[in-house]
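Student: Need coordinates for the below:
(one chain, ligands or ions: 1)
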Amino acid sequence: MIMKRAIAAALLVLAMGTVVTAAWLDSQFEEADAEEISSLAGHLGAQSVLGIFAHPDDEILAAGALADAASRAGSVARMITATRGEAGIPDDSVCRPEDLGLVRHAEVLKHGYQLGLERQLVWQYPDGSLVAQLEQVTLELVREIRSLRPDLIITFDPESGYTFHPDHRAIGGAATKARRLAADPVFRPDLGAPHEARWLAFVLVPRRIMQNFGGERGTEIIQHQVPVRYAVPVDQRIKTRAWSIHESQYGYTRRVWRAPLWLLYWFFDQEHYAIEEAGSA
Ligand SMILES: [Zn+2]
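Tutor: Numbers count the residues shown, from 1 in each chain. All right, here's what the predicted structure looks like:
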């Protein structure tokens with residue numbers, strides 16, 4: 001009898017410990033200040049969404065918002081990826097290192113197709129040195145914004161770039177500038193008729209996980225990141241599907257997180273965004 005009670009008590013303590021640990025882990029990926037909404041495009045009323053990112057696989061960070069926008073009646077989602085990601089982490093179980101750019105180009109096209117994107121552009125700017133190409137990238141973005149005429153642009157926060165990667169900050173800065181220039185009727189009329197994208201969304205990293213586990217880089221990211229506005233729940237299957245398609249970078253990502261991705265996304269089940277609205281900035 002005593003033995004049974006001891007086992008029952010131990011199981012109870014274990015169960016309580018598991019619940020407390022799970023709640024704590026969940027809180028690491030949440031933002032208390034954010035307003036929780038079910039759909040970014042739906043909440044804003046956006047009908048044409050354009051993702052602008054640096055590398056194949058960057059779009060995974062906003063995959064929930066892109067998939068949602070693509071699936072809404074009367075709305076369309078598109079994406080520009082500025083590089084082919086040839087400077088990513090090679091994985092010799094997937095492809096030859098010299099083929100990495102080609103393979104990642106294919107991976108992002110496959111993923112965009114699964115997300116339901118109506119159109120994708122994958123440019124061939126050099127992975128790792130977007131900063132040096134900023135002027136040209138910005139002009140190309142102006143041309144595409146005027147041509148595709150999105151009302152919502154999703155990109156990286158130019159100050160923090162989600163991971164502080166220079167390419168992420170560069171593409172976030174170029175997209176921000178291009179959105180403004182595209183609306184200016186005096187600026188380069190040869191690049192198309194002016195168009196103002198009403199909303200600019202920056203995808204943000206959850207601060208607590210970065211603060212507690214991101215080391216010095218994590219602290220730097222948090223210090224530079226703009227305040228969060230919205231938290232949007234995401235079906236974890238969208239994220240795990242994305243990594244199964246981006247196979248060439250999956251092994252590296254799994255090693256960084258030191259956890260199976262289904263478990264990671266069980267806790268990391270929201271995307272976070274800051275919003276700039278035309279006329280309010
Ligand atoms: Zn990237």
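Student: Can you check what pLDDT the model gives D151?
Tutor: With respect to pLDDT, D151 scores 98.
Student: correct me, but it touches R198?
Tutor: Yes: in this structure D151 lies within contact range of R198 using Cβ atoms under 8 Å: 4.8 Å. C-betas here are computed from N, CA, C, even on glycine.
Student: Between the two, which contacts overlap?
Tutor: Common neighbours of D151 and R198, counting by Cβ atoms under 8 Å, 6 or more residues apart in numbering, are A46.
Student: ok, E277 - how many residues close by?
Tutor: For E277, the count of nearby residues is 11 (other Cβ atoms under 10 Å).
Student: do T240 as well
Tutor: So T240, with other Cβ under 10 Å, has 16 neighbours.
Student: Spell out the secondary structure type for it.
Tutor: Of the three states, T240 takes helix under DSSP: H, G, I helix; E, B strand; the rest coil.
Student: Could you double-check that it lies in contact with P260?
Tutor: No: using Cβ under 8 Å, T240 makes no contact with P260, being 9.2 Å away.
Student: Residue numbers of this protein in contact with the ion?
Tutor: By the rule Cβ under 5 Å from the ion, the part of the chain lying against the ion is H55, D58.
Student: can you give me the helices for the chain?
Tutor: Assigned by DSSP state H, the helices in the chain fall at 2-28, 40-44, 63-71, 100-115, 134-148, 166-183, 207-213, 215-224, 236-245, 247-257, 261-267.
Student: Tell me how many other residues crowd P233.
Tutor: 13.
Student: Excluding chain neighbours, give the residue nearest to it in space.
Tutor: Q270 (5.5 Å; Cβ to Cβ, 6 or more residues apart in numbering).
Student: so that neighbour touches A231, yeah?
Tutor: Yes: between Q270 and A231 there is a contact under Cβ under 8 Å: 4.6 Å.
Student: residues near Y265, how many?
Tutor: 21.
Student: any idea what sits nearest it, other than its immediate chain neighbours?
Tutor: Distances taken as Cβ to Cβ, 6+ apart put Q236 closest to Y265, at 3.8 Å, once the chain neighbours are dropped.
Student: picking up where we left off before, which one of the helices of the chain lies nearest to F53?
Tutor: Among the helices of the chain, helix 166-183 comes nearest to F53, with 6.2 Å by Cβ to Cβ.
Student: which helices and strands sit right next to that closest one?
Tutor: On a contact count with 3 or more Cβ pairs under 8 Å, 6 or more residues apart in numbering; DSSP states H and E, helix 166-183 meets strand 48-53, strand 76-83, helix 134-148, strand 152-156, strand 199-204.
Student: how far is that helix from where the chain is centred?
Tutor: Chain-centre distance of helix 166-183: 15 Å, with Cα atoms, centre = their mean, to the nearest Å.
Student: Just the CA atoms of it, as CSV, please.
Tutor: The C-alpha trace of helix 166-183 is given here as CSV (Å, rounded to 0.1, in the frame of the first residue of the first chain):
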residue,chain,number,x,y,z
PRO,A,166,22.9,41.1,-43.1
ASP,A,167,21.0,39.9,-46.1
HIS,A,168,17.7,39.8,-44.1
ARG,A,169,18.3,43.3,-42.9
ALA,A,170,19.2,44.4,-46.4
ILE,A,171,16.1,43.0,-48.0
GLY,A,172,13.9,44.4,-45.3
GLY,A,173,15.4,47.8,-45.8
ALA,A,174,15.2,47.6,-49.6
ALA,A,175,11.5,46.5,-49.4
THR,A,176,10.7,49.3,-47.0
LYS,A,177,12.3,51.9,-49.2
ALA,A,178,10.9,50.4,-52.4
ARG,A,179,7.4,50.5,-51.0
ARG,A,180,7.8,54.3,-50.4
LEU,A,181,9.4,55.0,-53.8
ALA,A,182,6.8,52.9,-55.7
ALA,A,183,4.2,55.3,-54.4
